[in-house]
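Visitor: Need a 3D model of the following:
(one chain, ligands or ions: 2)
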Amino acid sequence: SPSDPDLVARARAAKEKLGEKVFVLGHHYQRDEVIQFADVTGDSFKLAKDAAARPAAEYIVFCGVHFMAESADILTTDDQKVVLPDLAAGCSMADMATAEQVAECWDVLTEAGIADRVVPVSYMNSSADIKAFTGKHGGTICTSSNAERALTWAFEQGEQVLFLPDQHLGRNTAVRDLGMSLDDCVLYNPHKPNGGLTAQQLRDAKMILWRGHCSVHGRFSVESVREVRERIPGVNVLVHPECKHEVVAAADYVGSTEYIIKALEAAPAGSKWAIGTELNLVQRLANRFAPEGKEIVFLDRTVCFCSTMNRIDLPHLVWTLESLAEGNEINVIEVDKETADFAQLALERMLALP
Ligand code: 13P
Ligand code: SF4
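Guide: Ligands and ions are numbered 1, 2, ... in the order given. Got it, this is the predicted structure:
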């Protein structure tokens, strides 16, 4: 349980015993009981960079979801091991694009005669297979904090972009940051023949958006924005770009988890904020900034935690650290070499974005 002092003491003891051998990364959506043991916290971009910059540690314990641990494995050296405290901590969005579906999509684009001018841009929230596909076809990875730069880069390399797997981040970035119109975007549905699109529609589109979404962020609605503005006059609405386009359009500010934290740090005392992102982070920020007189509420009280992020809890962390301290290497995430090499290409293009 969150405040079980016995578990806290055990986690602390195991971590102390491991010393420099272990480095714990914590995504902002993790529970407080886990975050207290993180050596570094961050959004998925920051954590990927931090994992790459930690050559000393033998074990990287990744408190986050599977695709983040895979990315860390790809970016760390071969003798470092990345450990995910619960192997069932996946991401429903990442699962919405499989290697087979994406290969089939590429065939459809080839048939339509456009594959050589399409540059794939894949959101970090994707499997290593999808990242490898992206690297192989000259594309880059992006996160919610560099999507604009990634898309700008991609449109310098080719005329069209295939954006995987989050339609909302793709659409929001294209429209809000690159000034495209909604008509420049088409939605590729992997469950329909030819993605549900004609060859002409594919040729005319600037952005081909994969039909994936986040099951948590997808639940915020324009209605929740309207409701909170009515309930809290003068409130600033700040949402993550995984929210639907109309929600983002109705909000005052949009950004990654790291952006959200910085915005609240800079906010004046007395200001009021409604935040549309994962609940663990919103609760932590509300508690942190309440003493400074900043009022922070969750954008929609009917939306719940990311259930897979929440799978990493204190009992799993204790089990992980104690196992490692006893020389028992459990839950190691290892991407096969061929996949890792192509995925690394795509990740390094992201890390090198101007
Ligand atoms: P960030 O890159 O903003 O940390 O988001 C990751 C994520 O999973 C959002 O749902
Ligand atoms: Fe995946 Fe959404 Fe959870 Fe992020 S919040 S890990 S995108 S399901």
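Visitor: what's the nearest residue to Leu84 if we skip its chain neighbours?
Guide: Take Leu84 and drop its neighbours on the chain: the residue closest to it by CB to CB, 6 or more residues apart in numbering is Ala69, 4.3 Å away. The way it works is simple: take the backbone N, C-alpha and C, and place the C-beta from them, glycine included.
Visitor: count of neighbours near that neighbour?
Guide: 29 (other CB atoms under 10 Å).
Visitor: Please pull up the helix or strand immediately following the host helix or strand of it.
Guide: Using DSSP states H and E, the element containing Ala69 is helix 66-75. The helix or strand immediately downstream of helix 66-75 is strand 81-83, counting by DSSP H and E.
Visitor: which residues does the residue in the stretch 1-150 of the chain that ligand 2 sits nearest to contact?
Guide: Nearest residue of the stretch 1-150 of the chain to ligand 2, counting by CB to the nearest ligand atom: Cys91, 3.3 Å away. By CB atoms under 8 Å, 6 or more residues apart in numbering, the contact set of Cys91 is 65-67, 125, 308.
Visitor: tell me which of the residues you listed is nearest to Ser271?
Guide: Asn125 (30.3 Å; CB to CB).
Visitor: Using the three-state scheme, assign the closest one.
Guide: At Asn125 the chain is in coil, as set by DSSP: H, G, I helix; E, B strand; the rest coil.
Visitor: quick one on the thing from earlier: and the helix holding Ala69, what does it pack onto?
Guide: Helix 66-75 sits against helix 44-52, strand 59-63, strand 81-83, helix 128-136, strand 332-333, helix 337-351, with contacts defined as 3 or more CB pairs under 8 Å, 6 or more residues apart in numbering; DSSP states H and E.
Visitor: neighbouring contacts of the second one?
Guide: With contacts defined as CB under 8 Å, 6+ apart, strand 59-63 is touched by 18, 21-27, 30, 34-35, 37-38, 47, 51, 54, 68-69, 72, 76, 80-85, 312, 317, 320-321, 324, 333.
Visitor: just the buried members of those?
Guide: Buried by 16 or more other CB atoms under 10 Å: 18, 22-27, 30, 34-35, 37-38, 47, 51, 54, 68-69, 72, 76, 80-85, 312, 317, 320-321, 324, 333, out of the contacts of strand 59-63.
Visitor: sorry, back to before: tell me the angle of the helix holding Ala69 relative to strand 59-63?
Guide: Orientation of helix 66-75 against strand 59-63 (axes from the mean of the first three to the mean of the last three CA atoms, to 10 degrees) gives an angle of 160 degrees.
Visitor: okay, the angle between helix 66-75 and helix 337-351?
Guide: Here helix 66-75 runs at an angle of 90 degrees relative to helix 337-351 (the same axes, to 10 degrees).
Visitor: how far out from the middle of the chain is helix 66-75?
Guide: Counting by CA atoms, centre = their mean, to the nearest Å, helix 66-75 is centred 12 Å from the centre of its parent chain.
Visitor: what does stretch 87-107 give?
Guide: Distance of stretch 87-107 from the chain centroid (CA atoms, centre = their mean) equals 14 Å.
Visitor: Repeat that for stretch 236-254.
Guide: On the basis of CA atoms, centre = their mean, stretch 236-254 sits 16 Å off its chain's mean C-alpha point.
Visitor: What residues sit buried inside that stretch?
Guide: Across stretch 236-254, burial judged by 16+ other CB under 10 Å covers 236-245, 247-248, 250-251, 254.
Visitor: Please identify which of those is nearest to ligand 1.
Guide: Lowest distance from ligand 1 to these (CB to the nearest ligand atom) belongs to Glu242, with 5.3 Å.
Visitor: pretty sure that closest one contacts Asp166?
Guide: Yes. The pair Glu242 and Asp166 passes the contact test of CB atoms under 8 Å, sitting 6.0 Å apart.
Visitor: hey, what's in contact with both of the two?
Guide: Counting by CB under 8 Å, 6+ apart, the contacts common to Glu242 and Asp166 are 93, 213-214.
Visitor: Show me how this structure divides into domains.
Guide: Domains of the chain are assigned by automatic domain parsing as 5-91+309-336, 94-212, 217-298.
Visitor: Can you redo the ones you listed as JSON lines, where the extra columns are mean pLDDT?
Guide: Formatted as JSON lines, these follow (pLDDT from 0 to 100):
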{"stretch": "domain 5-91+309-336", "mean pLDDT": "94"}
{"stretch": "domain 94-212", "mean pLDDT": "98"}
{"stretch": "domain 217-298", "mean pLDDT": "97"}
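Visitor: Relative to Leu353, which of these is closest?
Guide: Closest to Leu353 of the domains of the chain, according to CB to CB: domain 94-212, at 4.7 Å.
Visitor: near ligand 1, which residues of this protein show up?
Guide: Contact residues, the chain versus ligand 1 (CB under 6 Å from any ligand atom): 28, 43-45, 125, 143-144, 214, 242, 256-257.
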